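Visitor: The following block contains a protein sequence and its predicted model.
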Amino acid sequence: MHGQPAAQDEAASHRGATAFLLNAGHALDHLMLLVFATAVSAIAGDFGIARWEDLMPYAAGAFVMFGLGSLPAGRLGDLWGRRAMMLVFYFGIGLSSMLVAATQSAWQIAAALTVMGVFSSIYHPVGIPMLVQGARRPGWVIGISGLSGNLGIAAAALSTGFLVKYFGWRAAFVVPGLAAIACGIAFARIAPREAAPPAKRAPRQAEFPPGVIARVLLALTLTSTSGALIFNFTTNGNAELLYERMQAITTDPARLGMLLALVYALASFAQLAVGRAIDRVPLKRLFFAIVAFQVPLFLLASHAQGWALYGLAIGYMAFVFGAIPFTDAIIVRYVDDRARSRVAGLRLAVSFGISSLAVWLLGPFVKSAGFDALFVTMACIAGAALVGATMLPGAPR
């Protein structure tokens with residue numbers, strides 16, 4: 001009898017450790033994808049390229065594969081197993097980041113970043129469904145996961161600025177790559193093996209009518225694509241935006257990294273509040289309100305300078321991050337666990353596949369039209385997301 005409580009405590013500790021590593025994986029996933037954007041000026045200088053805007057399109061392959069790779073990753077997560085796919089993620093993204101660090105030209109780094117994008121595509125359709133399976137408060141779990149991912153964005157700004165200043169841009173890829181491999185070793189030892197792949201398990205929730213599911217998927221595609229475009233424009237452009245409009249205090253890359261990390265860290269906590277609200281407030285109403293705040297904030301930021309811009313950056317990033325948990329919450333609410341990785345993979349393939357254009361266009365767009373035009377464009381994209389939010393069905397019974 002004494003052995004049973006001990007076994008239960010051990011199982012609970014393994015679940016907690018597994019959840020910690022899954023959240024750490026989310027942080028690393030976003031961190032890896034944004035090291036290039038934070039260090040692009042240093043990399044351009046090393047490769048003999050005069051302007052960062054001219055090097056930025058070479059990162060587009062990573063974001064294309066981040067989207068397109070989600071489709072096979074989600075399918076393998078459901079049919080082969082999520083634990084196995086997460087191991088591929090940890091070791092793959094770790095080794096590919098070191099490959100990026102070894103590159104010597106623009107086309108080499110483009111190819112290496114594309115390979116890294118393939119492995120980075122695994123996390124969202126696999127790791128998040130693994131976190132929420134069986135969760136009593138999925139909104140809160142998704143909120144913590146979102147906070148972890150966005151703290152990874154903050155860490156990218158902080159660690160990259162520090163490493164670029166003292167050790168060079170290559171170290172900014174090597175250090176998180178080693179951390180990813182270490183997480184993979186720990187995950188292999190701690191995460192329990194799956195008795196069966198998710199697709200072969202018994203259903204856990206009732207199915208909705210096909211018409212409702214089609215309406216949800218259409219709204220999900222429009223809102224997540226709009227959100228992903230805004231996410232890529234902001235997270236890939238904020239470093240150069242602060243450098244341009246706060247030049248008096250951002251000439252030091254380490255200081256710029258600290259200021260940018262503070263923006264992301266403060267904005268990230270919006271996901272905890274949203275995650276808590278998702279379990280209590282109708283999704284449609286909450287989502288509409290959060291996206292609606294983005295429009296005036298982007299318009300105000302279009303001409304702001306100095307510390308006024310910095311305050312607005314914290315504001316608009318809080319609402320950009322705050323909108324992220326909804327797509328996963330909608331999938332949890334309307335799709336059974338047996339198919340969540342495949343549905344998430346399909347959604348990500350469409351939304352991130354299209355939104356990868358933002359990375360390719362960012363440099364040339366800012367070079368020709370400036371950041372003020374970029375903010376007006378993002379306000380219009382947020383307006384499109386509002387239209388998608390109205391298409392969501394009401395709260396299910």
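Guide: Perfect, thanks for sending it.
Visitor: Low-confidence bits of the stretch 151-300 of the chain, can you list those?
Guide: Within the stretch 151-300 of the chain, the segments meeting pLDDT under 70 span 202-208, 250.
Visitor: now the helices: where do they sit in it?
Guide: Taking DSSP state H, counting those that start in this stretch as the criterion, the stretch 151-300 of the chain contains helices spanning 169-190, 210-245, 253-268, 270-278, 283-301.
Visitor: so which of the ones you listed comes closest to G69?
Guide: Smallest distance to G69 across those (CB to CB): 14.4 Å, for helix 210-245. The C-beta positions use only the backbone N, C-alpha and C, and glycine is treated the same way.
Visitor: and the angle for that closest one with helix 253-268?
Guide: 150 degrees (axes from the mean of the first three to the mean of the last three CA atoms, to 10 degrees).
Visitor: Direction-wise, compare helix 210-245 with helix 283-301 and give the angle.
Guide: Orientation check (the same axes, to 10 degrees): helix 210-245 against helix 283-301 gives 20 degrees.
Visitor: circling back to that earlier point, adding distance to Q133, write the helices of the stretch 151-300 of the chain out as TSV.
Guide: Listed next are the helices of the stretch 151-300 of the chain as TSV, based on distance: least, CB to CB, whole Å:
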stretch	distance to Q133
helix 169-190	16
helix 210-245	19
helix 253-268	24
helix 270-278	17
helix 283-301	20
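Visitor: closest one to L309 among those helices?
Guide: Among those, helix 210-245 comes nearest to L309, with 5.2 Å by CB to CB.
Visitor: residues of that closest one that come out buried?
Guide: Neighbour counts over helix 210-245 (16 or more other CB atoms under 10 Å) mark 215-217, 219-243, 245 as buried.
Visitor: what do you get for stretch 180-200?
Guide: Going by neighbour count (16+ other CB under 10 Å), the buried part of stretch 180-200 is 180-181, 183-184, 186-187, 191, 197-199.
Visitor: tell me the two of those residues that are most distant?
Guide: Taking CB to CB as the measure, the buried residues of stretch 180-200 have their most distant pair in I181 and A199, spaced 29.0 Å apart.
Visitor: Report the angle between the longest helix seen in the chain and helix 210-245.
Guide: What stands out as the longest helix in the chain, according to DSSP state H, is helix 3-46. Orientation check (the same axes, to 10 degrees): helix 3-46 against helix 210-245 gives 50 degrees.
Visitor: gap between helix 3-46 and the chain center?
Guide: Taking the mean of its C-alpha atoms, helix 3-46 sits 12 Å from the chain's own mean (CA atoms, centre = their mean, to the nearest Å).
Visitor: right, and the helix or strand after it?
Guide: helix 52-55 (DSSP states H and E).
Visitor: so for the helix or strand following that following helix, what's the average pLDDT?
Guide: Downstream of helix 52-55, the next assigned helix or strand under DSSP H and E is helix 60-68. Mean per-residue pLDDT for helix 60-68: 88.
Visitor: Whatever helix or strand comes next after helix 60-68 packs against which elements?
Guide: Later in the chain than helix 60-68, the nearest helix or strand by DSSP H and E is helix 70-79. If contacts are counted by 3 or more CB pairs under 8 Å, 6 or more residues apart in numbering; DSSP states H and E, helix 70-79 sits against helix 82-101, helix 123-132, helix 340-369.
Visitor: Could you point out which of those sits nearest V332?
Guide: Evaluated over these, closeness to V332 peaks at helix 123-132, with 5.5 Å, by CB to CB.
Visitor: tell me the angle of that closest one relative to helix 3-46?
Guide: Using the same axes, to 10 degrees, one finds that helix 123-132 and helix 3-46 are set 160 degrees apart in direction.
Visitor: Can I get helix 123-132 in CSV? Just the C-alpha atoms.
Guide: Only the C-alpha atoms of helix 123-132 are listed here, as CSV (Å, rounded to 0.1, in the frame of the first residue of the first chain):
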residue,chain,number,x,y,z
TYR,A,123,6.9,21.9,-32.1
HIS,A,124,3.6,23.6,-32.5
PRO,A,125,1.5,20.7,-34.0
VAL,A,126,3.1,18.2,-31.7
GLY,A,127,4.3,19.8,-28.5
ILE,A,128,1.2,21.8,-27.7
PRO,A,129,-1.3,18.9,-28.3
MET,A,130,1.0,16.8,-26.1
LEU,A,131,0.8,19.5,-23.3
VAL,A,132,-3.0,19.9,-23.4
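Visitor: Now do it: distance to the chain's middle.
Guide: On CA atoms, centre = their mean, the centre of helix 123-132 falls 12 Å from that of its chain.
Visitor: measure the closest residue to W80 other than its chain neighbours to R338 for me?
Guide: In this structure, W80 finds its nearest non-sequential neighbour in P197, 6.0 Å apart by CB to CB, 6 or more residues apart in numbering. Distance, P197 to R338, by CB to CB, to the nearest Å: 9 Å.
Visitor: Now list whatever residues contact both of the two.
Guide: D78 (CB atoms under 8 Å, 6 or more residues apart in numbering).
Visitor: Which helix or which strand is home to the nearest residue to A304 once chain neighbours are set aside?
Guide: Spatial nearest neighbour of A304, chain neighbours left out: L312 (5.4 Å); criterion: CB to CB, 6+ apart. Secondary structure assignment for L312, by DSSP H and E: helix 306-323.
Visitor: same for that helix, what does it pack against?
Guide: Helix 306-323 packs on helix 210-245, helix 253-268, helix 270-278, helix 283-301, going by 3+ CB pairs under 8 Å, 6+ apart.
Visitor: Remind me what the helix or strand just after that helix packs against, helices and strands.
Guide: As assigned by DSSP H and E, the chain's next helix or strand after helix 306-323 is helix 325-334. Helix 325-334 sits against helix 123-132, helix 138-166, helix 210-245, helix 270-278, helix 283-301, helix 340-369, with contacts defined as 3+ CB pairs under 8 Å, 6+ apart.
Visitor: Appreciated, that's everything.
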